[in-house]
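Q: Build the 3D model from these lines:
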Amino acid sequence: MRIGGADHDPGKALQSVPPRRPRVSSPQVRSGWRYGMPAVTTAGGQRVHYVDHGGDGPAVVLLHSFLMDTTMWAPQVAVFGDGYRLVAVDERGHGGTPAEGPFDYWDVARDVFAVLDRLEIDTAAVIGTSQGGFVALRMALLAPGRVTSLAVLGTSGEAEDEQVADAYRQLARVWLEQGADSVVDGVAKICLGDADASDWTPKWRHVPGERLMRIMNVLVDRDGVLDRVGEIDVPVLVLHGTADLAYPVARAEALVAALPKAEPLVTIEGGAHFLSLTDADAVTPHLRRFLDAQTDGK
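A: Residues are numbered from 1 along each chain as shown. As a prediction, this is how the structure comes out:
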């Protein structure tokens with residue numbers, strides 16, 4: 001999540017929220033989701049919740065966005081869950097995974113590998129939206145032999161712009177001191193665009209200010225990896241919405257230019273920041289084609 005690009009006022013999206021498009025739902029675990037919500041405890045004592053959707057196909061890790069959880073991937077599970085073993089992970093401070101102390105996205109990447117170890121999955125493709133993309137890139141840098149391909153959506157390889165980081169810190173202080181109600185609709189606008197967020201904002205209103213402050217600090221203080229992604233020697237698909245209020249398309253263009261095996265950038269006209277959810281009908285066919293191309297003939 002990010003407030004505006006270089007040519008945006010970071011506060012504008014928090015001030016007015018226009019009528020929204022049809023809702024993007026946060027479903028409960030469905031009967032077709034085979035393993036419920038188990039957890040693994042890492043060697044460092046971190047408990048990590050995940051959903052293994054089962055299946056005998058190649059493994060694909062699904063990494064959600066800021067303030068979201070594993071259920072944001074329901075559209076993709078419904079479309080290509082039959083051909084792949086989809087494993088969705090709740091990242092630290094989100095969903096069922098706690099965040100008791102300081103951490104960064106490198107730690108979250110290691111958490112995901114701990115889940116794969118528990119499931120005895122040696123290699124996997126990784127798909128991540130926004131924050132999930134931060135983690136996906138770090139997974140490929142930490143253990144390149146374990147990541148077979150990447151798809152990242154609405155994300156960036158760069159550190160946060162300092163002016164925007166300051167605006168986010170202010171937002172987190174308001175959340176902590178006054179509660180979520182004063183800012184949650186603006187956050188929904190940034191993340192989900194014009195989509196109806198009514199299935200998500202009730203969850204966000206229950207996020208304690210201390211937790212929001214912790215996960216926000218991780219987001220705004222993250223290190224940039226754009227100068228290292230040239231080390232990622234696997235196929236990468238980058239998708240970005242033209243209506244992303246967080247990162248301009250230029251961030252995606254920079255990633256594509258720096259990744260040696262990136263496919264041409266896919267832009268989704270009118271796509272919002274969390275476009276794998278808000279624009280699933282446009283995005284999911286690209287993801288399916290990409291995954292199928294990597295496994296064709298294997």
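Q: Can you list the buried residues in stretch 182-198?
A: Across stretch 182-198, burial judged by 16 or more other CB atoms under 10 Å covers 183-197. Heads up, the C-betas are built off the backbone N, CA and C, glycines and all.
Q: Which of those fall in strands?
A: Using DSSP state E to define strands, the subset of the buried residues of stretch 182-198 located there is 195-196.
Q: ok, the buried residues of stretch 182-198 vs residue 65, which is closest?
A: Residue 65 has its nearest neighbour among the buried residues of stretch 182-198 in residue 191, at 6.8 Å by CB to CB.
Q: quick revisit: and which of the buried residues of stretch 182-198 is nearest to residue 161?
A: residue 190 (14.1 Å).
Q: ok, the closest one to residue 102 distance?
A: 25 Å (CB to CB, to the nearest Å).
Q: now do residue 119
A: Taking CB to CB, one finds residue 119 at 27 Å from residue 102.
Q: Contact partners for the residue nearest to residue 41 when sequence neighbours are not counted?
A: Using CB to CB, 6 or more residues apart in numbering and skipping residues adjacent in sequence, the residue nearest residue 41 is residue 47, 5.2 Å away. Each residue near residue 47 by CB atoms under 8 Å, 6 or more residues apart in numbering is listed here: 39-41, 97-98.
Q: how close does residue 47 sit to residue 289?
A: 36 Å.
Q: Which of residue 119 and residue 102 has more residues huddled nearby?
A: Comparing residue 119 with residue 102 by other CB atoms under 10 Å, the one with more neighbours is residue 119, at 17 against 10.
Q: shouldn't that one be in contact with residue 51?
A: No - the criterion here is CB atoms under 8 Å, and residue 119 misses it with residue 51 at 11.2 Å.
Q: which residues do these two both contact?
A: residue 87.
Q: Can you give me the end-to-end span of stretch 240-259?
A: 16 Å (CA to CA, to the nearest Å).
Q: For it, buried residues please.
A: 240-241, 244-248, 251-252, 254-256, 258-259.
Q: Could you do stretch 147-165 as well?
A: Per 16+ other CB under 10 Å, stretch 147-165 contains these buried residues: 147-158, 160-161, 164-165.
Q: Now, the residues you listed that are in helices?
A: 164-165 (DSSP state H).
Q: just for this structure, where's the confidence low?
A: 1-36, 297-298 (pLDDT under 70).
Q: Just the strands from it, written as ranges.
A: According to DSSP E, the strands that the chain contains are 21-23, 39-41, 47-52, 59-63, 85-89, 124-129, 147-153, 195-196, 236-241, 266-268.
Q: Next, format the ones you listed as a markdown table and append distance to residue 78.
A: Output for the strands of the chain, formatted as a markdown table (distance: least, CB to CB, whole Å):
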| stretch | distance to residue 78 |
| --- | --- |
| strand 21-23 | 16 |
| strand 39-41 | 24 |
| strand 47-52 | 14 |
| strand 59-63 | 13 |
| strand 85-89 | 10 |
| strand 124-129 | 15 |
| strand 147-153 | 17 |
| strand 195-196 | 17 |
| strand 236-241 | 18 |
| strand 266-268 | 19 |
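Q: Cheers, nothing more for now.
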